[in-house]
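Engineer: Predicted model and sequence below, questions to follow.
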Amino acid sequence: MYIVLADGHEAGVVRLDVADAIGTVSIYLSPAWRGRGIGPSALAALESIAFGPLGLRRIEARVKADNGASLAAFQKAGFIAVASKPPVSLMKVRRED
Ligand SMILES: CC(C)(COP(=O)(O)OP(=O)(O)OC[C@H]1O[C@@H](n2cnc3c(N)ncnc32)[C@H](O)[C@@H]1OP(=O)(O)O)[C@@H](O)C(=O)NCCC(=O)NCCS
């Protein structure tokens with residue numbers, strides 16, 4: 001679990017459950033901090049940790065099909081929808097240099 005800091009304030013949490021070098025991501029921002037682009041930034045920061053020091057190969061998320069804000073935030077962070085049946089599965093794979 002990581003605390004999301006925005007301008008030094010605690011804005012929410014991101015969680016990463018790790019199994020077999022794959023991380024499952026979930027995110028929750030407190031209502032006052034939503035709709036300002038913090039979610040995609042927090043997901044990008046989590047990706048840096050996941051693909052960097054944690055050495056994961058893939059990160060995934062499962063989002064309820066009617067959660068448009070969450071789907072938009074994950075897609076802005078570069079996640080790709082891989083299954084459209086509810087809940088929507090999204091993933092991002094580590095780029096090999
Ligand atoms: C989902 C969440 C992490 C997104 O983070 P955020 O910082 O609010 O994301 P953004 O600021 O990029 O805003 C979300 C985007 O979705 C859009 N959006 C908001 N509500 C929407 C809706 N009902 N349908 C479609 N898009 C919506 C916003 O307009 C924005 O898009 P835009 O920048 O192109 O206008 C955050 O809103 C949150 O914590 N929500 C409650 C918990 C939750 O649902 N977590 C995800 C569980 S999988």
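Structural biologist: Great, that's in hand. Numbers count the residues shown, from 1 in each chain.
Engineer: quick one, phi psi at the residue nearest in space to the middle of the chain?
Structural biologist: Residue closest to the mean C-alpha point of the chain, counted by Cα atoms, centre = their mean, is residue 43 at 4.1 Å. Main-chain dihedrals, residue 43, degrees, to the nearest 10: phi -70, psi -40.
Engineer: Send over the lowest-mean-pLDDT helix or strand in the chain as CSV, restricted to the C-alpha atoms.
Structural biologist: When the helices and strands of the chain are compared on mean pLDDT, DSSP states H and E, strand 80-83 comes out lowest with a mean of 92. C-alpha atoms of strand 80-83 as CSV (Å, rounded to 0.1, in the frame of the first residue of the first chain):
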residue,chain,number,x,y,z
ILE,A,80,-4.8,-1.2,-22.4
ALA,A,81,-8.2,-2.9,-22.0
VAL,A,82,-7.7,-6.6,-22.7
ALA,A,83,-11.2,-7.9,-21.9
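Engineer: Quick check, the residue nearest to the centre of the chain in contact with residue 27.
Structural biologist: Yes. Here residue 43 reaches residue 27: they are 6.6 Å apart, a contact under Cβ atoms under 8 Å. Quick note: C-beta positions are derived from backbone N, CA and C, even for glycine.
Engineer: pLDDT score assigned to the closest residue to the residue nearest to the centre of the chain other than its chain neighbours?
Structural biologist: Distances taken as Cβ to Cβ, 6 or more residues apart in numbering put residue 77 closest to residue 43, at 3.7 Å, once the chain neighbours are dropped. We note a pLDDT of 97 for residue 77 in this prediction.
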